[in-house]
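can you look at this prediction? I've put the sequence above it.
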Amino acid sequence: MIAPPAVPHFTMSALHTLGFLIGAVWVFHGLYGKILDRIPRHRLIVARILGERHAGRLTKVIGVGEVLLGLWVFAGVAPVVCAAVQTLGLVAMNTLEIWRARDLLISAWGMVALNLGLIILIWTWALSVAHG
């Protein structure tokens, strides 16, 4: 019989800190970058993918979704489902951005590397909380 992979053991303080940092990434990018439009490149990427006509409004909608993801992480409810949603969102966003707006990215592979690191942190947090 094959044993499931071991989940690293973290103190509750470390898990709260990790959850706060993950949630803060979502809240920052959603609120500052998209809702407040302080990183206009995000709106340009949305325009390239979804069309210029509604880019401003759709960027804000995406921003609200990102803020809600951050709040979900802060709440710590259903962490594995939360991690799955975050993973699917990041993979979908990265794929669309590289496919349709690569020239607007600072570094496509840098974005992928950073988001892969974030996904590892997300799953470390989620599995640790779930098996707490």
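Alright, I've got the coordinates.

how many neighbours does the nearest residue to Ala55 once chain neighbours are set aside have?
In space, and not counting its chain neighbours, Ala55 is closest to Ala47: 3.5 Å by CB to CB, 6 or more residues apart in numbering. Using the backbone N, CA and C atoms, a C-beta is placed for each residue, glycine as well. Neighbours of Ala47 under the rule other CB atoms under 10 Å: 18.

what about Ala47, helix or strand, and which?
Per DSSP states H and E: Ala47 is located in helix 40-50.

what's that helix packed up against?
Judged by 3 or more CB pairs under 8 Å, 6 or more residues apart in numbering; DSSP states H and E, the packing partners of helix 40-50 are helix 55-75, helix 79-101.

chain center to that helix, what's the gap?
17 Å (CA atoms, centre = their mean, to the nearest Å).

check the average confidence over that helix, would you?
On average, the pLDDT along helix 40-50 is 98.

for stretch 56-63, same thing?
Per-residue pLDDT over stretch 56-63 has a mean of 98.

tabulate the helices and strands packed on helix 40-50 (a markdown table), appending mean neighbour count and distance to His29.
Below are these laid out as a markdown table (neighbours: other CB atoms under 10 Å; distance: least, CB to CB, whole Å):
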| stretch | mean neighbour count | distance to His29 |
| --- | --- | --- |
| helix 55-75 | 18 | 6 |
| helix 79-101 | 16 | 10 |
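
figure out which of the ones you listed is closest to Arg41.
Evaluated over the helices and strands packed on helix 40-50, closeness to Arg41 peaks at helix 79-101, with 9.2 Å, by CB to CB.
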